[in-house]
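# structure of the sequence below:
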Amino acid sequence: MVESLHRQRINSNFVPAHTLTPLYSLYHVSLGTSFACVFNEVIKNTRDHLSKLGNDDVDLETTLFFFTDGEDGDTDIQGRQAARDSLVKLLKNTPRLESTVHTFGFTAGHDAKLLSWITSAGTNSGCFQYIKESSEIEKSMSTTLQLLGDSAMETIRKIEISLPNDSEDSDAQEWIPVRLESDGVSGSAVVRQRSFKGDLIKWREYRRVSSSISTAHDMNVVWLKEDDPQRIVGMATFIQHELLRLVEAINSIGSDASLTPEQKRTRLLKIDEETEAYSKALGVMSSVSARMKLKLMRVPCMVACQRTRSLLQSFLTVKADAHKQGGSISNTSLATFNALAYGEITEAKLKAKLDSRAGKNTALFAEMDQKVTQIVKDMDLDKMEAEESVDRLRELSCAFSTNSYIDALRDGDCLCMTLDGTVPRILIMLTEGDERG
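Okay, the predicted model is just below:
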């Protein structure tokens, strides 16, 4: 079963670069355990949406919800692989399309390898939920839907960054797209196999087609210190994502029939080296976190390191099984690891979303406070006080300080009020005979 949510984003040459329209379409497919049929249906519908847009200034963003309780029963292995390849090509390499896939594995009989693969098939990382019993379905769906929230109506901006190279031609440089958060100024990207220690990089507004014009700008690089909480928490999240990537690499090794046992062993040993590097980095991060003096900084760093360490231990178990079985991972072992890994990532995403909302609320209250201050400043409080009667000022006085409301406005203070209430006798009589009263 697959649910797909599409929405359009209209591009502009100015910031903000994108605006969103409401929900574009919703479709539902139920085709048993023939995943190739589902993949082909997703491909067909998505291409139809793209062709209907027919405008280079319009992007399509799609979110897929993939729910399954079994393994693929299709005997056409070549057709299934062709459908998988076509789906990945569509989701990852279509210039006008951004995609996210959230997956749900119901009961221990679901195809953990398939869901592990498809969760990473989009341009944006999705989340996996392992549902052991039917009573957990509603909670799992609700958790994933929280990641969407109000994003369908938020302005989204994308930029591109480029690390320095020997070429002076900006088009010859490698430009890495970065999708910014709702604030329009923060975002993240992972660059592999590139060593960089400079203090300047290039950035420009996202260009969907090479013929469009976008001016490149310089961006100063600020390197975070070893004991910076932002660095430690960010690195912990990065290692979690890397462990998921390594699991996918192990899956690829185990399923590649063209590799000899010795070749599989060699590739697994390379994964061992990467794992050891991340383990050492995590050890340093944990040690630095433990030495932080301020509890406010130390606790979130220690928690992030501890959770990542637990995930690393689970990954080591999966990797040990792969060594014993020539690259293969048991369905149960993979499902358990995925549930733990994506659980941490989902929680981090939800926390970031709450932090973003808290920041917006703080800014909103600060703005309201400024407006109220200006309104009070424009009032003629002396005139108001002269026009009020003594009884009126006494009536509208603060129950705590006994100052009148005008004095409270003048001092920028709060006004504590009391409420005197009376209960009609008929209600008292009715409740006297009621045991609950």
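# point to the helix or strand of the protein where mean pLDDT is at its lowest.
When each helix and strand of the chain is scored by mean pLDDT, DSSP states H and E, strand 18-29 comes last, with a mean of 38.
# please identify the buried residues of stretch 309-324?
Neighbour counts over stretch 309-324 (16 or more other CB atoms under 10 Å) mark R309, L311, L312, S314, F315, V318, K319, D321, A322 as buried. In short, each C-beta sits where N, CA and C put it, glycine included.
# if we can go back for a sec, beyond the least confident helix or strand of the chain, next helix or strand please.
Along the chain past strand 18-29, the next helix or strand (assigned with DSSP states H and E) turns out to be helix 35-53.
# so what's the gap between that next one and the chain middle?
Relative to the centre of its chain, helix 35-53 is centred 25 Å away, using CA atoms, centre = their mean, to the nearest Å.
# using PDB, list the CA coordinates for it.
Provided in PDB are the C-alpha atoms of helix 35-53 (Å, rounded to 0.1, in the frame of the first residue of the first chain):
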ATOM      1  CA  PHE A  35       6.100  -4.300  -5.300                       C
ATOM      2  CA  ALA A  36       7.000  -3.800  -9.000                       C
ATOM      3  CA  CYS A  37       3.400  -2.900  -9.700                       C
ATOM      4  CA  VAL A  38       3.400  -0.400  -6.900                       C
ATOM      5  CA  PHE A  39       6.700   1.100  -8.100                       C
ATOM      6  CA  ASN A  40       5.400   1.400 -11.600                       C
ATOM      7  CA  GLU A  41       2.100   3.000 -10.500                       C
ATOM      8  CA  VAL A  42       4.100   5.600  -8.400                       C
ATOM      9  CA  ILE A  43       6.300   6.300 -11.500                       C
ATOM     10  CA  LYS A  44       3.300   6.700 -13.800                       C
ATOM     11  CA  ASN A  45       1.400   9.100 -11.400                       C
ATOM     12  CA  THR A  46       4.500  11.200 -10.700                       C
ATOM     13  CA  ARG A  47       5.300  11.600 -14.300                       C
ATOM     14  CA  ASP A  48       1.700  12.500 -15.100                       C
ATOM     15  CA  HIS A  49       1.900  15.300 -12.500                       C
ATOM     16  CA  LEU A  50       5.200  16.600 -13.900                       C
ATOM     17  CA  SER A  51       3.800  16.600 -17.500                       C
ATOM     18  CA  LYS A  52       0.700  18.500 -16.400                       C
ATOM     19  CA  LEU A  53       2.800  21.200 -14.800                       C
END
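# which elements pack onto that helix?
In this structure, helix 35-53 makes packing contacts with strand 2-11, strand 18-29, strand 58-68, helix 77-93, judged by 3 or more CB pairs under 8 Å, 6 or more residues apart in numbering; DSSP states H and E.
# 10 Å - rerun?
Here helix 35-53 is seen to pack against strand 2-11, strand 18-29, strand 58-68, helix 77-93, strand 97-106, helix 112-119 when contacts are counted using 3 or more CB pairs under 10 Å, 6 or more residues apart in numbering; DSSP states H and E.
# first to last residue in stretch 120-132, what's the distance?
End-to-end distance for stretch 120-132: 22 Å, by CA to CA, to the nearest Å.
# quick check, nearest of the buried residues of stretch 309-324 to A257?
For the buried residues of stretch 309-324, the residue nearest A257 by CB to CB is A322; the value is 15.9 Å.
# let me know the secondary structure of the residue nearest to the closest one when sequence neighbours are not counted.
Nearest in space to A322, with sequence neighbours left out and distances taken as CB to CB, 6 or more residues apart in numbering, is I250 at 4.9 Å. When the structure is reduced to helix, strand and coil (DSSP: H, G, I helix; E, B strand; the rest coil), I250 reads as helix.
# and if you look at F337?
With three-state DSSP as the criterion, F337 was assigned helix.
# verify the stated contact: it with V247.
Yes - F337 lies in contact with V247 (CB atoms under 10 Å); the separation is 6.5 Å.
# quickly list what's touching both of these two.
Contact criterion CB atoms under 10 Å, 6 or more residues apart in numbering; residues shared by F337 and V247: S116, S314, F315, V318, K319, I329.
# and the residues you listed, which of them are in helices?
Judged by DSSP state H, the subset of the shared contacts of F337 and V247 located in helices is S116, S314, F315, V318, K319.
# nearest to R410, of these?
Taking those together and measuring to R410 by CB to CB, the closest member is S314, at 62.4 Å.
# for that closest one, give its distance to T260.
Separation of S314 from T260 (CB to CB, to the nearest Å): 29 Å.
# now I137
I137 sits at a distance of 43 Å from T260 (criterion: CB to CB).
# compare those two (neighbour count), which wins?
Under the criterion of other CB atoms under 10 Å, the comparison of I137 against T260 puts I137 first, with 14 against 8.
# wait, doesn't the more buried one sit right on T144?
No - I137 is not in contact with T144 according to CB under 10 Å; the separation is 11.1 Å.
# any shared contact partners between those two?
Counting by CB under 10 Å, 6+ apart, the contacts common to I137 and T144 are F104, Q129.
# circling back: out of the helices and strands packed on helix 35-53, which gets the lowest mean score?
When the helices and strands packed on helix 35-53 are compared on mean pLDDT, strand 18-29 scores lowest, with a mean of 38.
# now stretch 264-284: average pLDDT?
For stretch 264-284, the mean confidence score works out to 93.
# mind starting the numbering at 12 from now?
That works, and once the first residue is 12, the last one we named lands at stretch 275-295.
# buried residues in that stretch?
Taking 16+ other CB under 10 Å as the criterion, stretch 275-295 shows K275, R278, L279, I282, T286, Y289, L293 as buried.
# ok so, going back, between the shared contacts of F348 and V258, which is nearest A419?
For those, the minimum distance to A419 (CB to CB) is 58.3 Å, reached by S325.
# who's in contact with the closest one?
S325 neighbours (CB under 10 Å, 6+ apart): L254, V258, S344, T347, F348, N349, A350, L351, A352.
# CA atoms only: put stretch 396-409 into PDB for me.
This file holds the C-alpha atoms of stretch 396-409, laid out as PDB (Å, rounded to 0.1, in the frame of the first residue of the first chain):
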ATOM      1  CA  GLU A 396      -6.200  59.500  35.400                       C
ATOM      2  CA  ALA A 397      -7.800  63.000  35.700                       C
ATOM      3  CA  GLU A 398     -10.900  61.800  33.900                       C
ATOM      4  CA  GLU A 399     -11.400  58.600  36.000                       C
ATOM      5  CA  SER A 400     -13.300  58.800  39.300                       C
ATOM      6  CA  VAL A 401     -11.700  57.700  42.600                       C
ATOM      7  CA  ASP A 402     -14.100  54.800  42.900                       C
ATOM      8  CA  ARG A 403     -13.300  53.700  39.300                       C
ATOM      9  CA  LEU A 404      -9.500  53.800  40.000                       C
ATOM     10  CA  ARG A 405     -10.100  51.900  43.200                       C
ATOM     11  CA  GLU A 406     -12.200  49.300  41.400                       C
ATOM     12  CA  LEU A 407      -9.600  48.800  38.700                       C
ATOM     13  CA  SER A 408      -6.600  48.400  41.000                       C
ATOM     14  CA  CYS A 409      -4.000  45.600  41.300                       C
END
